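# Prediction below, plus the sequence it came from.
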Amino acid sequence: MIAEYDALRFIFAPYKLNLTKALDDPAYVRQHFAGVSKALGASFPPPESMVDQLGHIELTRDTTKAIALFQLNVDLYPRSANVYDALGDGWRAKGDAQKAIAAFEKALAIDPKNAYATGQIKQLREAKP
């Protein structure tokens, strides 16, 4: 049993992401998983939840990097309402209400019952002068 665990850990060693580097350089996430895919001979896109979490961590530090991570998720998972919610959060934090509303509207187009997106759109429109 231990030998099998060690073997799997060895085989999947390239999968381990350097989180510090991922936060410092959002492009590294895509490059890392391209390398993982090449090393393991199969397609391994960055998991949506991982990129989302990285983006929300970065949102408290650097909105430009957070938006880059959220945009990566949009590029990889365009049918997920969650990725557009996160992108909307990024644009809202950056101060761009128009882009935030557009992202939240895209989330609503995918999931019309998305109460979070509906609430954010309402708040953003009410806040406009």
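Now that the structure is in, tell me what you want to look at.
# Determine the number of other residues adjacent to residue 113.
8 (other CB atoms under 10 Å). Yep, even glycine has a C-beta here, placed from its N, CA and C like the rest.
# Residues contacting stretch 83-102, please?
Applying CB atoms under 8 Å, 6 or more residues apart in numbering, the external contacts of stretch 83-102 come out as 48, 52, 55-56, 59, 63-64, 66-67, 70-71, 73-74, 76-77, 103-104, 106-107, 110, 114, 116-117, 120-121, 124-125, 127-128.
# ok, now stretch 40-50?
11-12, 14-15, 17, 29-30, 32-33, 36-37, 72-73, 76-77, 80, 82-83.
# Tell me the confidence at the residue lying closest to residue 79 once chain neighbours are set aside?
Excluding its sequence neighbours, the residue lying closest to residue 79 (CB to CB, 6 or more residues apart in numbering) is residue 110, at 6.5 Å. For residue 110, the model assigns a pLDDT of 97.
# ok, now which ones touch residue 110?
Applying CB under 8 Å, 6+ apart, the residues contacting residue 110 are 79, 80, 81, 84.
# Tabulate those in CSV, adding columns for neighbour count.
Formatted as CSV, these follow (neighbours: other CB atoms under 10 Å):
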residue, neighbour count
79, 7
80, 17
81, 20
84, 26
